[in-house]
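S.K.: just to be clear, the model below is a prediction. Sequence and coordinates:
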Amino acid sequence: MGAVRPLKIMSLSDAAAERVKAIIANADRPIVGVRVGVKNGGCAGMEYTMEYAEEIKPGDEVIEDKGVTILVDPKAVLFLLGTEMDYRVDKLSAQFVFNNPNQTSACGCGESVAITPARPEQLVGI
């Protein structure tokens, strides 16, 4: 049996990095980055969360990617392991999208998801 390859907790697409840079530049107060997490809610069971981060909290996983700082809530690490955060614009919307290999389903409106946590051994070496 082959060795388990550790995954990065999160990465950003170029579009997501540019949008986060714009958000930070236009914030009405000093922020160090964007905090990402998950919470229970929605018809599929979980929702992604994002908020301004004014400081790095103890336990936050700090992700530096493409010149952007993303802080991952420690309770969300196993749910977000291997996720790419993207930013998409179409005719009717502009939004962050999470391409999450742990996501098993989503509701019809796309506001909530079902996520199976990654195995802890995938964290080795992160």
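M.R.: Yes, it's here.
S.K.: since we're on Lys91, how many residues are nearby?
M.R.: 4 (other CB atoms under 10 Å). Just so you know, the C-beta spots here come from the backbone N, C-alpha and C atoms, and that holds for glycine as well.
S.K.: oh, and call the first residue 47 from now on, that's how I've got it
M.R.: With the count now opening at 47, the last piece we talked about shows up as Lys137.
S.K.: tell me which element it falls in.
M.R.: Following DSSP states H and E, there is no helix or strand that holds Lys137.
S.K.: for it, grab phi and psi.
M.R.: With angles defined as degrees, to the nearest 10, Lys137 sits at phi -60, psi -40.
S.K.: OK, contacts around the spatially most central residue of the chain?
M.R.: For the chain, the residue nearest the mean C-alpha position is Val82 (4.9 Å; CA atoms, centre = their mean). When contacts are counted by CB atoms under 8 Å, 6 or more residues apart in numbering, Val82 touches 56, 94-96, 116-119, 122, 126, 131.
S.K.: secondary structure class for it?
M.R.: strand (DSSP: H, G, I helix; E, B strand; the rest coil).
S.K.: from Arg81, how far off is Lys121?
M.R.: Distance, Lys121 to Arg81, by CB to CB, to the nearest Å: 12 Å.
S.K.: of these two, which one has the most company?
M.R.: Neighbours were counted for Lys121 and for Arg81 using other CB under 10 Å; Arg81 has more, 22 against 11.
S.K.: bridging across strands, which residues link to that one?
M.R.: Glu97, Leu117 (DSSP bridges).
S.K.: other SSEs contacting the lengthiest helix in the chain?
M.R.: The single longest helix within the chain, with elements called by DSSP state H, is helix 60-71. In terms of contacts (3 or more CB pairs under 8 Å, 6 or more residues apart in numbering; DSSP states H and E), helix 60-71 is packed against strand 79-87, strand 114-118, strand 129-135.
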